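[1] Test case, fold it:
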Amino acid sequence: MTFAGINYLSVFLAAVAGFITGAAWYTVLGRQWMAALSKSKDEMKPSPLPFVLSFVGELLMAFVLAGMIGHLGEVTLRNGIISGAFVWAGFILTTVVINNAYQGSRWALPVIDAGHWLAVLLVMGAVIGFMGV
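    Okay, here's the model as predicted:
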C-alpha cells in the first residue's frame, strides 16, 4: 500500500508504535514529569484532546520521517533508526531545550520530554525502516 513511494501501512504502524512508546514512557516517568511541571495529580485534568492531538501529530511525524528516509536511498532498519536519531537531534532536542530554557523550566522537564521524543522517533524509524517506505 504505497503512494509516491510512501508505505502508508508503515506510517500508520509507526505512529501507533510511537503512541504506545509515549504511553509507556510517561507511565514510568509520570510522577517525575508532574514534579518537574510542579503539578499534582489533582491539578491534572483528564481530557481526551491531548491524546488525540498526540496521535495526529505522530501520524504527521511518521509520514514526514518516511518521506525523509525514502529520499536518503535504501530503506533499512539501520537507516530508519539513524534517521530518527538525526531528526530528533536536529529538530526536537533543540526545540525542546530552547523552549524550556525560555520558560524557566526545571531541567528534568526537557530531559524527560526530549527523551520521550527520542524513543518515539527511534521506534518510528525502526518500524518504517523494517517495513520499507
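
[2] after the least confident helix or strand in the chain by mean pLDDT, next one along is what?
    Sorted by mean pLDDT, DSSP states H and E, the helices and strands of the chain end with strand 2-3, the least confident at a mean of 54. Using DSSP states H and E, the helix or strand that follows strand 2-3 towards the C-terminus is strand 6-7.

[3] Give me the mean pLDDT for that following strand.
    The pLDDT scores in strand 6-7 average 90.

[4] so what strands line up beside that strand?
    Sheet pairing for strand 6-7, assigned by DSSP bridges, gives strand 2-3 (antiparallel).

[5] all helices of this protein, in order?
    8-37, 49-71, 77-87, 93-103, 108-131 (DSSP state H).

[6] mind putting the ones you listed in TSV, distance to Glu43 and mean neighbour count included?
    Backbone N, C-alpha and C define where each C-beta goes, glycine included. What follows is the helices of the chain, written out as TSV (distance: least, Cβ to Cβ, whole Å; neighbours: other Cβ atoms under 10 Å):
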stretch	distance to Glu43	mean neighbour count
helix 8-37	8	17
helix 49-71	15	17
helix 77-87	33	19
helix 93-103	17	14
helix 108-131	15	21
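
[7] Can you pull out the low-pLDDT segments for this protein?
    Applying pLDDT under 70 to the chain flags the ranges 1-4, 133.

[8] Hmm, Ala35 is touching Ile112, no?
    No - shown here, Ala35 and Ile112 do not form a contact pair, counting by Cβ atoms under 8 Å, at 9.8 Å.

[9] how near is the residue of the chain positioned farthest from its centre to Met34?
    Farthest-out residue of the chain from its mean C-alpha position, per Cα atoms, centre = their mean: Asp42, at 26.6 Å. Using Cβ to Cβ, to the nearest Å, one obtains 10 Å as the distance from Asp42 to Met34.

[10] In contact with Pro28, which residues?
    If you look again at residue 28, you'll see it is Val, not Pro. Val28 sits next to no residue when contact means Cβ atoms under 8 Å, 6 or more residues apart in numbering.
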